[in-house]
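Q: Give me a 3D structure for the following:
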Amino acid sequence: MLHLAQVQNNENVGGVRLRLLARQQSDNCWAVINPESVILTNTNSLNESYLVLVELSENQEVLSIQPAKDWVLDFIRDYLTLGITPSFLIGEQKRAEEWRQDLTLQSQDLTRQRAEMEARRDTIQALEAQLGPQQRQLMQQIEEMREQLRVKDEELERANQQLTEMAHIREKLRIKDEQLQEVNQQLQEMTEKLNSQETQLKELKQHVEEK
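A: Coordinates of the predicted model:
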């Protein structure tokens, strides 16, 4: 298991003492622990107060040691440069908890509404079972009335079409009548002109005979 440790000199037995400060619980989760110590003998290559990452076995045996510098820099780059502070994480945790509670209330409300809807559906189904024969007869009568209305609508549509056609015919007849009146008027005028010319011819003929 991976630990964050601080190097301390151990003059009594030689070598160094690793003061364990935190333990990795998952990839992105660490826990601060009560300081524990692991003794390393026959090594003086680690400086006092130096931070290291230590991999320990279940028997607290040191499996590997590496400098914590890169790990600390990655931590600063991934979190602190983005403003992700402990207070920010606590605030996000509170907001997540409020969101979870709100979702829980909404889920409970939806469950209640679903139960009410199911109760109403059961009531409607019971009423439909009681009104089954009467309802079917009523639906049949309604369907027959709809069919009769459909037939009446078709007849009315045909009557409207006929009325429209008759209106067109009346308009055409009116135009023809006006044209006929104009022709009759023209014939009457021509007749009057002919009668006038005939009268003039008679008078001229009579005048000629008198001479």
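Q: Could you look up the SS state of L18?
A: strand (DSSP: H, G, I helix; E, B strand; the rest coil).
Q: err, A115, not the other one
A: Applying three-state DSSP: A115 is helix.
Q: same thing with L4?
A: Strictly by three-state DSSP, L4 counts as strand.
Q: do the same with T199
A: Under three-state DSSP, the three-state class of T199 is helix.
Q: How much space separates it from E116?
A: From T199 across to E116, the span is 106 Å (CB to CB, to the nearest Å). From N, CA and C alone the C-beta is placed, and that goes for glycine too.
Q: swap in E98?
A: 27 Å.
Q: quick one: low-confidence ranges for this protein?
A: In the predicted model of the chain, residues 11-15, 41-45, 79-86, 210-211 satisfy pLDDT under 70.
Q: does S107 belong to a helix or a strand, and which?
A: Using DSSP states H and E, the element containing S107 is helix 86-130.
Q: residues contacting V32?
A: Taking CB atoms under 8 Å, 6 or more residues apart in numbering as the criterion, V32 is in contact with L21, A22.
Q: Bridge partners for it, pull those for me.
A: For V32, the beta-bridge partners are A22 (DSSP bridges).
Q: For the nearest residue to Q25 once chain neighbours are set aside, give me its contacts.
A: Using CB to CB, 6 or more residues apart in numbering and skipping residues adjacent in sequence, the residue nearest Q25 is A31, 5.4 Å away. Neighbouring residues of A31 by CB under 8 Å, 6+ apart: A22, R23, Q25.
Q: can you list the domains in the chain?
A: Using automatic domain parsing, the domain parsing of the chain gives 2-82, 85-130, 133-164.
Q: Can you tell me which of the ones you listed is nearest to L194?
A: Among these, domain 133-164 comes nearest to L194, with 45.1 Å by CB to CB.
Q: Relative to the whole chain's centre, how far out is the closest one?
A: Counting by CA atoms, centre = their mean, to the nearest Å, domain 133-164 is centred 40 Å from the centre of its parent chain.
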